[in-house]
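J.: structure for the following, please:
(3 chains)
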Amino acid sequence: MVNRIFLIAVAAGLPLSIAGSILQWPSLIMFGIYCLTIVALAGYMGRATESLAIVAGPRIGGLLNATFGNAVELIISIFALQAGLTGVVLASLTGSVIGNLLLVGGLSFLVGGLKHKRQEFSVYDARHNSGLLIFSVIVAFVIPEVFAMDMDEAKTISFSVGISVILIVLYLFALFFRLVTHRGVYKHKTDEAGEHEEPEWGAKKAIVVLLLATAAVAYVSENLVHTFETVGEQLGWSELFIGVIIVAVVGNAAEHASAIVMAFKNKMNIAVEIAVGSTLQIAMFVAPLLVLLSLLFEQSMPLVFTMPELISMVTAVFLTIILTNDGDTNWFEGATLLAAYLIMGIGFYLL
Amino acid sequence: MVNRIFLIAVAAGLPLSIAGSILQWPSLIMFGIYCLTIVALAGYMGRATESLAIVAGPRIGGLLNATFGNAVELIISIFALQAGLTGVVLASLTGSVIGNLLLVGGLSFLVGGLKHKRQEFSVYDARHNSGLLIFSVIVAFVIPEVFAMDMDEAKTISFSVGISVILIVLYLFALFFRLVTHRGVYKHKTDEAGEHEEPEWGAKKAIVVLLLATAAVAYVSENLVHTFETVGEQLGWSELFIGVIIVAVVGNAAEHASAIVMAFKNKMNIAVEIAVGSTLQIAMFVAPLLVLLSLLFEQSMPLVFTMPELISMVTAVFLTIILTNDGDTNWFEGATLLAAYLIMGIGFYLL
Amino acid sequence: MVNRIFLIAVAAGLPLSIAGSILQWPSLIMFGIYCLTIVALAGYMGRATESLAIVAGPRIGGLLNATFGNAVELIISIFALQAGLTGVVLASLTGSVIGNLLLVGGLSFLVGGLKHKRQEFSVYDARHNSGLLIFSVIVAFVIPEVFAMDMDEAKTISFSVGISVILIVLYLFALFFRLVTHRGVYKHKTDEAGEHEEPEWGAKKAIVVLLLATAAVAYVSENLVHTFETVGEQLGWSELFIGVIIVAVVGNAAEHASAIVMAFKNKMNIAVEIAVGSTLQIAMFVAPLLVLLSLLFEQSMPLVFTMPELISMVTAVFLTIILTNDGDTNWFEGATLLAAYLIMGIGFYLL
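T.: Below is the predicted model of the structure:
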């Protein structure tokens, strides 16, 4: 039933997106078409990822999700860097961090919690992720903010490059730790639960669907970005609001869809892995990679956010850690995360 | 024995308070009389609440305590808003937050810990409360502070109103969560301990005493506030110090008394519920309600504290969370909380 | 084998240090000789402490380590205060805090983790220490920073003195709590593991070695400090970088050596006690004592750090707490701590 709606949305939305962008239909209309198409494509990505996750186990499945969600953002950001829009890139990185933690996490906990009274996930993964959230956002993002106040521009860029290299190296260490040296060392009580399930699609079909849907999402997303300026003017939205809220909501639609589906099916390990794992990939891999790539363009991007951006990420991290650290979620924890997102959203709207 | 002293204090203090305020006795003398009378009345409130708590169970008992303690503060603050003293209201809100967490919490843990080597309380409630403390103080109080630096006054008020509505809605959700959807889902090992006890008074008598004592505390408190200016001049206390420290200490005398009595009787669930629950009611209900009510008066109150106020609340929250999150207390944790309160008290005195 | 190298290093380094400082050899050469000598002496201190620790139990052993490591720093700082270098003292206190938490802690977890897959230590000690870290760094260091912005110099000194007295009193309470009122109340699963081991030296010999090595370390350290200015000029290091990084690395060599040896031998209780316990002794005893002692000299030292110093300590505390609070470590947690230290090191180098 839901699958049929998604099929129709993609079958109609994708041609309309291509036609509209060639024929230059009005931006507001195209904005709606693009958004719906992406959400429908995200549905396919969610199903493909779920099939792969059943075959590959919850952790690799979660990694796949985060990767395919953030590939879109990486591509959009590179185009923005080329255009010299470092402020927009930093804003969309901020939006991805708070969007993944508060919006994706919040919706997963809320929707999952409305069906299941208590949901559990690996407390070891939660603690591992908490450490990395503190490291990346509290240490690696806050330190340059404060130190840069007493530095000139050249030193700020040098410092940003140094931190970026350290972030990427530690991110690779983290993968090595989880997939090689400590694979299975920290056992989960909740892992066995879903293993008897049959995947909807085989591994090959799932991979093909995943790749095609990702390519289509990337194509539509890029067109979507070009409607932002006109839409912003017509609806009275500031650039910061579009960067932090709109880009993140639409750009992370894939994560939203799959995380919520996983939470609804009580597979909280995957749902949390998508929300928090995706945040960590943004903070420890996409953000520093963009800092390094920006050296190739005219305007280098320092790892220095605006104060509202930084404080939003810092407070989102503290809230996420305190709510997830016990490996237990319910609808109210979801509502709390969403309330925090709403406060930040209103704040960025009013700025 | 103690009860007889309280009886004498009330029987003498209440007529003296009324006579003194009508005959306009010297402020310093009245200050002393008011304070003693409130503490004695708080003793009655503590005993009445304890009786009700035994009848109604620890959670409702704790809620009752927090409610009756904060009703006094709400009434005083409304009078202050009417007089345009938004700075004093924000200072007394700050004082209630740090006073409840550090002074009430600290005295409970210290006094309880001097009698009992280790005291335990529900780790689930501690985590639930920790999440709400982070949400209200770290997210909902810090965010407007930083964002308001780039906003004009009108937008700051709009933002404050938006956050206030979100805080109140989430507070109602929290009550719904604890009393309806997840009542008894998170079981406490320590809950059964005190249930065999007999209440001192029946439910009806306890309610009558509670209501009368609350009314008397409100009457005396209001008179007390009017002595602050003269007392401040005579003793060299700044308005900020009076707002943050004196109002909070006297205004929360009810919580002090009952929380310490509960801790002494090893009912830590109630003691913590009073200290932390009262803080949450201040931060998530009283503070936003006052922001909304201030729209009715000439001068609107934004949810923007001074930096010393904000940092005091933020650090008090982090200290409380780290000390309570394991559901285990002792005298040294009480001493640590009191030491933090002392540092802040000296700071506000010197400002 | 290693012991023989240490013996040779001390037998050669100590006479060379004395000769070089009398004959005024070039600073860069002496810098290297002093450093190696201190590291070798630290090896002796580590072995002596380990012998004592086996005799006296893990907790007293850890306290001994922290004490003998910080005696050196206290002596150096007093000389610096006498010379009016309050900025350098605050920088070296900062360096000791982040050096102990991130460098000593990080190396212990990394080296221990490369040999042992998972290492455990007392979760009760971890929580107790977390509370004190929050109290000392987040409350007692952050509060004066913010409050001092609105205070004149005299009030800032008064506030610093008040906080210092509170810190020292609470530190003594903490010792009383752990050694008297709650000795053995919080049992450790992991404590019994190492008790069957034989000490290398008897208690008497260990104490003699410990005292002699400490005296020699103090002598060499003091000479080392006098080479910093010239070395800084020749190598292009700022005073802040020397104070925060170099003084801390060399000054804490004793802790480095013994903590890593303990971690390698899987005695994580002692390793963590050295890293975190030493930090607490710096923050709660050495720092406030220096503030009080500074009243005897011409220039009083307020407890007000620079913003980069403060933020480094605050973020180091949050990272340490989140990584140690579960009483479980591995190589990746060590790498994370070291990565944070590296970021701060680069930052202070560029400032």
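
J.: report the mean per-residue pLDDT for the helix ranked longest in chain A.
T.: Secondary structure of chain A per DSSP state H: the longest helix is helix A:203-235. Across helix A:203-235, pLDDT averages out at 84.

J.: let me see the contact set for the nearest residue to A:Tyr349 once chain neighbours are set aside.
T.: Distances taken as C-beta to C-beta, 6 or more residues apart in numbering or on different chains put A:Phe241 closest to A:Tyr349, at 5.0 Å, once the chain neighbours are dropped. In this view, the C-beta of every residue, glycine as well, is placed from N, C-alpha and C. When contacts are counted by C-beta atoms under 8 Å, 6 or more residues apart in numbering or on different chains, A:Phe241 touches A:232, A:348-349, A:351.

J.: quick check: next helix or strand after the worst-scoring helix or strand of chain A on mean pLDDT?
T.: Lowest on mean pLDDT, DSSP states H and E among the helices and strands of chain A sits helix A:58-82, with a mean of 71. The helix or strand immediately downstream of helix A:58-82 is helix A:86-98, counting by DSSP states H and E.

J.: can you show me the CA trace of that following helix as PDB?
T.: The C-alpha trace of helix A:86-98 is given here as PDB (Å, rounded to 0.1, in the frame of the first residue of the first chain):
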ATOM      1  CA  THR A  86      31.500  29.000   2.900                       C
ATOM      2  CA  GLY A  87      28.800  30.500   5.300                       C
ATOM      3  CA  VAL A  88      26.100  28.400   3.700                       C
ATOM      4  CA  VAL A  89      28.300  25.200   3.900                       C
ATOM      5  CA  LEU A  90      28.900  25.800   7.600                       C
ATOM      6  CA  ALA A  91      25.200  26.400   8.100                       C
ATOM      7  CA  SER A  92      24.200  23.200   6.400                       C
ATOM      8  CA  LEU A  93      26.800  21.300   8.400                       C
ATOM      9  CA  THR A  94      25.200  22.700  11.500                       C
ATOM     10  CA  GLY A  95      21.800  21.800  10.200                       C
ATOM     11  CA  SER A  96      22.900  18.200   9.500                       C
ATOM     12  CA  VAL A  97      24.300  17.800  13.000                       C
ATOM     13  CA  ILE A  98      21.200  19.200  14.900                       C
END
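
J.: quick check: which ranges of chain A have low pLDDT?
T.: A:1-2, A:58-59, A:61-69, A:71, A:184-197, A:251, A:254-255 (pLDDT under 70).

J.: around chain C, pick out the residues from it.
T.: Within reach of chain C by C-beta under 8 Å from any C-beta of the partner chain, chain A has these residues: A:127, A:130-132, A:134-135, A:138-140, A:142-144, A:146-147, A:149-151, A:155, A:158-159, A:162-163, A:166, A:169-170, A:173-174, A:177, A:181-182, A:185, A:321.

J.: show me what whichever helix or strand A:Met262 is part of is packed against.
T.: Per DSSP H and E, A:Met262 falls inside helix A:253-264. For helix A:253-264, the packing partners by 3 or more C-beta pairs under 8 Å, 6 or more residues apart in numbering or on different chains; DSSP states H and E come out as helix A:27-56, helix A:58-82, helix A:105-115, helix A:268-281.
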